[in-house]
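> Sharing a model that was predicted from the sequence below.
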Amino acid sequence: MSDPTPKSALEYISHLEITDPVPPSMIEGEEGEEELTPPDYASGGNQTVAVGSQIAEFSENVPVELRPHVSNAFLLAQLAANKLLKTDPTKNTSDWYGKYVEVLSNIGWTLEGDARTVREVAGSSLEVHKEIIPVITAALGPAAAAAATVIAVLNGLSNMNKDQPWITLFSHESQRASANQFQISYADVEDGVPVITLLGFELDAENAVTQILFFKFGAAEAKLRTFDVRMSLNESIFASVKDAIQARLVGYTLNYVGAIEI
C-alpha cells in the first residue's frame, strides 16, 4: 500500500463504510451497565479512556489537543472493522484487526511492526487475567509499563463486582461480531513523534461469553490470541483529516468514548 496523501486520506474517510449509530435509548440505562463519563482531555497527565471496546491510555507526553483526535481515529477504525464483519460473515477476528490497522494506515498512521500469538489458558478468569498483564508489559517495555496506568485499570476491573458473573463495562457493544474481543492501546511520544502500541485480545473459551471485557467463569479451557501492532503518526497527514474523521463520527462519540475511573 502506497503512503497516503492528504487528498487520498480524505477520500478514504469519505468512502469508508462504518456501522450505523446506535440510538441512545438502546444503550442508556441498561441493567448492569457501567455509566461512562465523557473524558476531560484538557486535564493532561497520564489519562485512560474507554473508546468502544478499547481501553486507550495517553502518556503525559501526548499533547492534550491531540488526544481526542486519536480517540476518534480509534473509534473510526473500530466501526469500520465492525461493519466488515457484519457485511461478510466469512470474516473472522483476524480480518477485524486487519481492517482496523488498514483504516489507521490510511488516515496518517504508519505501521512499524505487528505480531500475532496464541496462548493456551487453562483454569479460571484469574488465569486469563494473569496472561494478559505480561503481554501488555512486554509490548510496552519495562519503562513504559511501569508508568502505564492501564495496568492499574485492568487490575481494578478484575476486582470489580466480585459477586457478579461478569463485568459489563462495554456491554453496549452489542453489535460486535465477537463478544470476547477487546483492545488495549498505549499512546506516547518518542523523539518528538506520537506512537501507539495496540494490543488486541480474543478469547475462545468453553463457556459462552456475552458482551464483556473481563469475565468470571468456572474451570475452563481457553485460547487467548493476541495481536500486537505498533504505529507512528504522520502529523501532517493526520492534521489534514482529523476534522473529517470527527464529522464522520457525529452521533457516536458521546455514546462510545468515556473516562475510566478506578
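That came through, no problem. Residues are numbered from 1 along each chain as shown.

> which stretches of the stretch 51-200 of the chain have low pLDDT?
For the stretch 51-200 of the chain, the stretches flagged by pLDDT under 70 are 118-131, 143, 146-147, 154-180.

> Please tell me how far the closest residue to Lys91 other than its chain neighbours sits from Asn255.
Once flanking residues are discounted, Lys91 sits nearest to Leu85: 5.1 Å by Cβ to Cβ, 6 or more residues apart in numbering. Every C-beta, even on glycine, is put in place using the N, C-alpha and C of the backbone. As for Leu85, its distance to Asn255 is 19 Å (criterion: Cβ to Cβ, to the nearest Å).

> between those two, who's got more neighbours?
Counted by other Cβ atoms under 10 Å, Leu85 and Asn255 do not tie: Leu85 has more neighbours, with 21 against 18.

> right, and the helix or strand after the helix or strand where the more buried one lies?
Using DSSP states H and E, the element containing Leu85 is helix 67-87. The element immediately downstream of helix 67-87 (helix or strand, assigned by DSSP H and E) is helix 93-106.

> Report the angle between that following helix and helix 67-87.
Interaxial angle, helix 93-106 versus helix 67-87 (axes from the mean of the first three to the mean of the last three Cα atoms, to 10 degrees): 140 degrees.

> Show me what helix 93-106 is packed up against.
helix 6-15, helix 67-87, strand 109-123, strand 181-190, strand 193-205, strand 220-233 (3 or more Cβ pairs under 8 Å, 6 or more residues apart in numbering; DSSP states H and E).

> If you count contacts, what does the second one end up packed against?
Helices and strands touching helix 67-87, by 3+ Cβ pairs under 8 Å, 6+ apart, are strand 47-51, strand 54-58, helix 93-106, strand 181-190, helix 235-248, helix 253-256.

> ok, and for it, which residues are buried?
67-85 (16 or more other Cβ atoms under 10 Å).

> how about stretch 136-145: buried residues?
Buried-residue list, stretch 136-145, by 16+ other Cβ under 10 Å: Ile136, Ala139, Leu140, Ala144, Ala145.

> still on that earlier bit, distance to Gly98 for the helices and strands packed on helix 93-106 - can I get that in TSV?
What follows is the helices and strands packed on helix 93-106, written out as TSV (distance: least, Cβ to Cβ, whole Å):
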stretch	distance to Gly98
helix 6-15	16
helix 67-87	8
strand 109-123	10
strand 181-190	13
strand 193-205	10
strand 220-233	9
